[in-house]
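1. The following block contains a protein sequence and its predicted model.
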Amino acid sequence: MIDYTLPKCRPSTLDSYTNVRLILSAVERAVPILHGHVLDVGCGRMPYKEYVMERSGRVAQWTGLDLEERKHSEAPPDMTWDGETIDLPDASVDCAMLTEVLEHCPKPDHVVREVFRVLRPGGFIFLTVPFIWPIHTVPYDEFRYTPFSLKRILLQAGFSDLSIEATGGRHAMLAVALGLWVRRRPLTSRVHVVTKAVGSVLLWPVIRLLTAMDERPEELGESTLLVGLAAMARKRIAVCS
């Protein structure tokens with residue numbers, strides 16, 4: 001099982017190491033804004049709950065929200081939903097996290113509006129989405145996002161004070177591609193098994209170095225290479241006239 005809060009670069013983890021490390025770094029940058037009651041949308045095993053609560057000191061309550069089918073898993077969510085409607089009152093949570101979730105939502109605009117509804121004024125949304133990643137969780141892999149599509153979705157939902165950044169740049173993108181290539185190739189013969197093992201050992205220091213060297217691009221424009229995106233936005237506090 002992957003430890004999302006303590007990623008280790010080994011020959012056996014080259015397909016996930018860089019991406020897990022990049023997402024964890026994005027979560028770490030979001031810790032200062034997370035406070036009060038945090039809603040973890042599409043929570044899975046809630047891998048970041050303890051990590052955030054230990055480092056924040058401002059998070060009082062954590063609620064994991066996931067699909068009904070996860071209710072009987074080893075790490076059941078605190079609440080279930082149908083992937084569209086959150087069974088919480090308006091303005092009932094302070095912050096919401098969606099880590100690697102929005103790409104699985106058939107109606108992402110609706111989901112973001114629903115998160116906006118349950119957030120208190122002044123509350124924050126934090127999310128990450130992949131840009132370079134294989135098709136996964138078939139058939140529930142719906143979208144890949146650009147900074148411009150994320151900005152549109154968040155603004156149309158009513159959010160303000162947007163911050164959208166790359167989780168990783170060109171070095172990390174190459175590290176991810178090499179890791180996926182060497183670890184997830186179809187193994188159709190003994191030769192493939194051997195080359196996978198040897199290739200993993202040979203690429204191990206390369207991927208570790210590329211990940212360490214990576215710098216997130218400051219500009220998200222023409223020809224920018226990126227691994228994924230992280231976004232933070234705020235629900236504006238209404239001003240009484």
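-> Cool, got the structure.
2. Need the residues that contact the longest helix seen in the chain.
-> Under DSSP state H, the helix in the chain containing the largest number of residues is helix 190-213. Here helix 190-213 makes contact (Cβ atoms under 8 Å, 6 or more residues apart in numbering) with 9-12, 14, 17-18, 21, 171-172, 174-175, 178-179, 182-183, 185-187. (Each C-beta comes from the backbone N, C-alpha and C, glycine too.)
3. can you rerun that using 10 Å?
-> For helix 190-213, the surrounding residues in contact (Cβ atoms under 10 Å, 6 or more residues apart in numbering) are 7, 9-15, 17-19, 21-22, 168-179, 181-187, 189.
4. can you give me the strands in the chain?
-> 36-41, 59-67, 79-81, 93-99, 119-130, 159-166, 228-235 (DSSP state E).
5. Using TSV, lay out those strands together with mean pLDDT.
-> Formatted as TSV, these follow (pLDDT from 0 to 100):
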stretch	mean pLDDT
strand 36-41	98
strand 59-67	97
strand 79-81	95
strand 93-99	98
strand 119-130	98
strand 159-166	98
strand 228-235	98
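6. any chance of these in CSV, plus mean neighbour count and distance to Lys196?
-> Rendered in CSV, the data for these read as follows (neighbours: other Cβ atoms under 10 Å; distance: least, Cβ to Cβ, whole Å):
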stretch, mean neighbour count, distance to Lys196
strand 36-41, 23, 35
strand 59-67, 19, 33
strand 79-81, 17, 39
strand 93-99, 24, 29
strand 119-130, 22, 23
strand 159-166, 17, 29
strand 228-235, 24, 25
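7. can you tell which of these is closest to Arg216?
-> Between Arg216 and the strands of the chain, the tightest spacing by Cβ to Cβ is seen for strand 159-166, at 4.9 Å.
8. what comes up buried for the longest helix of the chain?
-> 196, 199-200, 203-204, 207-208, 210-211 (16 or more other Cβ atoms under 10 Å).
9. Pull the contacting residues for Gly228.
-> Contacts of Gly228 (Cβ under 10 Å, 6+ apart): 19, 22-23, 26, 100, 103, 128-133, 144-145, 165-168, 172-173, 176.
10. ignore the last one, Thr5
-> 20, 24, 27-28, 47-52, 54.
11. Then Gly42?
-> 64-67, 70, 77, 81, 83, 97-102, 104-105, 111, 127.
12. Quick check: phi and psi at it.
-> phi 70, psi 50 (degrees, to the nearest 10).
13. Distance check, it against Pro139.
-> 16 Å (Cβ to Cβ, to the nearest Å).
14. What of Glu219?
-> 35 Å.
15. do the same with Cys9
-> 31 Å.
16. Tell me where the protein is predicted with low confidence.
-> 72, 239-241 (pLDDT under 70).
17. so how far is Ser73 from the closest residue in space to Ile207 that isn't next to it in sequence?
-> Among residues not flanking Ile207 along the chain, Ala175 sits closest, at 4.6 Å (Cβ to Cβ, 6 or more residues apart in numbering). Using Cβ to Cβ, Ala175 is found at 31 Å from Ser73.
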